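In: With the input below, show me the fold.
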Amino acid sequence: MRTVKQRAGDPLNGIEDEEFLVVQMADLNHRQRLFVHAYMRSMSGTKAYLEAGYLKGRNPSSAPQGAQTLLNKPKVREVINALLAARMRRIQATPERIEQELAKVAFASIGRFVVVQEDGSAFLDFSKADEADLAGLKKFKCEIQYRPGDDRDEPKQVLKTEVEVGDKLAALMGLARIHKMIGGDEGVSALVDIAQAIRDGRKRAGLK
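Out: All right, here's what the predicted structure looks like:
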């Protein structure tokens with residue numbers, strides 16, 4: 001009996017059961033089905049190729065090439081794209097939302113949180129930060145540190161904040177390529193694959 005680990009509030013709860021039925025109904029042989037199941041768990045072609053048993057008694061160094069060959073098979077790629085598209089719909093990862101999330105990173109500014117005082121010192125103030133501002137951050141860390149104060153028996157509390165904005169250049173490049181402002185390259189192949197998977201899935205579901 002198959003069991004699926006459930007996580008409260010996870011939009012992908014139960015998705016493995018749905019995917020199992022889709023793969024079983026697909027026009028694939030038994031080992032290809034094993035490969036697809038393994039690939040959707042790890043998102044690694046090499047791991048999936050080994051787990052599906054394609055290299056029993058063979059040199060494992062050929063796994064990457066074998067996995068890529070299998071991924072390029074139209075029937076296998078079609079099933080994987082359909083499963084990815086279904087996951088994207090479950091988490092509402094539409095092309096529009098992907099673009100919106102890229103824009104949050106591309107146009108994020110740490111200057112919105114910096115307050116410069118008269119003496120030239122500065123501190124961070126997040127009281128007016130909204131969801132879009134926070135979405136553009138790559139790292140946010142707050143911790144209380146204790147340092148010696150005027151009274152040695154009462155150490156001084158200091159709030160230390162570390163903030164790092166997301167990769168603005170990468171996000172801007174992604175947006176520029178989406179809008180065909182610059183040429184594409186291998187660096188956006190994953191983004192193109194995701195967008196195509198979403199379009200293919202919506203088409204199969206009869207959606208615009």
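In: Against which helices or strands is the host helix or strand of residue 96 packed?
Out: Using DSSP states H and E, the element containing residue 96 is helix 95-106. When contacts are defined as 3 or more C-beta pairs under 8 Å, 6 or more residues apart in numbering; DSSP states H and E, helix 95-106 packs onto helix 131-135, helix 168-178, helix 189-204. Bear in mind the C-beta positions are built from the backbone N, C-alpha and C, glycine included.
In: Going along the chain, name the helices of this structure.
Out: 15-25, 30-42, 45-51, 63-71, 74-90, 95-106, 131-135, 168-178, 189-204 (DSSP state H).
In: Reformat the ones you listed as CSV; add mean pLDDT.
Out: Converted to CSV, those look like this (pLDDT from 0 to 100):
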stretch, mean pLDDT
helix 15-25, 80
helix 30-42, 89
helix 45-51, 91
helix 63-71, 91
helix 74-90, 86
helix 95-106, 80
helix 131-135, 80
helix 168-178, 80
helix 189-204, 53
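In: Include mean neighbour count and distance to residue 143 when you put the ones you listed into CSV, please.
Out: Formatted as CSV, the helices of the chain follow (neighbours: other C-beta atoms under 10 Å; distance: least, C-beta to C-beta, whole Å):
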stretch, mean neighbour count, distance to residue 143
helix 15-25, 14, 37
helix 30-42, 18, 34
helix 45-51, 20, 37
helix 63-71, 16, 42
helix 74-90, 18, 35
helix 95-106, 16, 25
helix 131-135, 13, 18
helix 168-178, 17, 26
helix 189-204, 15, 35
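In: what's near enough to touch the closest residue to residue 168 other than its chain neighbours?
Out: Closest residue to residue 168 apart from its sequence neighbours, by C-beta to C-beta, 6 or more residues apart in numbering: residue 106 at 5.7 Å. Neighbour list for residue 106: 168, 171-172, 174-175 [criterion: C-beta atoms under 8 Å, 6 or more residues apart in numbering].
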